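S.K.: Mind folding the following:
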Amino acid sequence: MHAYSAATVATPELAAGFKSAMSRVASSVMLITTVDSDDYPHGLAATAFSSVSMEPASALICVNRSASASPIIKETGLFCVSLLQAAHEQISTIFSRSDMRTQRFVEGDWKTGVRGIRYLADAQAAIFCEVAREIEHGTHTIIIGNVIDVVLPQVSEPLVYVGGRYRRLDS
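M.R.: The predicted structure is shown next:
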């Protein structure tokens, strides 16, 4: 087993190289949404999402602790992942920028799902989860959620992000 050494990841050169390498990973784009105790919706755009297990059905998200939705997810223990279609590029941009926070949940066909959480009705899929575990690491929290509901609209072209910009898949 290798021991972790903070010196191996602390250099600016290594961080810049890692960031550049990660920008080369093609990722689906999604919105992570939740709702606070006053039924006010919160959300962010993300690419860090993965299935964890089918027994129990579970998925994980990685959320920067500085994101405005981060403490709400921790407080309520609930989140939804709406997997975006290519047509959702503008909505993704709105959810990616803190200066556009007041425009979130305005554009798009928003529905209210399980436990009051908003989701995009025309997303590739909407996966509702209840937090099962949180792991703090660096600037982010890895949140594992057990799936409590799934909405499966018609599948279309996914929104993909790679190389610092949105891309389309060629058929």
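S.K.: Can you tell me the centre-most residue of the protein?
M.R.: The residue lying closest to the centre of the chain (Cα atoms, centre = their mean) is Ala46, at 3.6 Å.
S.K.: Run through the residues that contact the closest residue to that one other than its chain neighbours.
M.R.: Closest residue to Ala46 apart from its sequence neighbours, by Cβ to Cβ, 6 or more residues apart in numbering: Ile32 at 5.2 Å. Heads up, the C-betas are built off the backbone N, CA and C, glycines and all. Residues in contact with Ile32 (Cβ atoms under 8 Å, 6 or more residues apart in numbering) are Gly43, Leu44, Ala45, Ala46, Phe49, Ile61, Val63, Ala69, Ile73, Phe79, Cys80, Val81.
S.K.: Show me what the residue nearest to the last one when sequence neighbours are not counted is bridged to.
M.R.: Spatial nearest neighbour of Val81, excluding adjacent residues (Cβ to Cβ, 6+ apart): Ile127 at 4.7 Å. Following DSSP bridges, Ile127 is listed with bridge partners Val81, Val150.
S.K.: Tell me the pLDDT of Ile127.
M.R.: As predicted, Ile127 sits at a pLDDT of 97.
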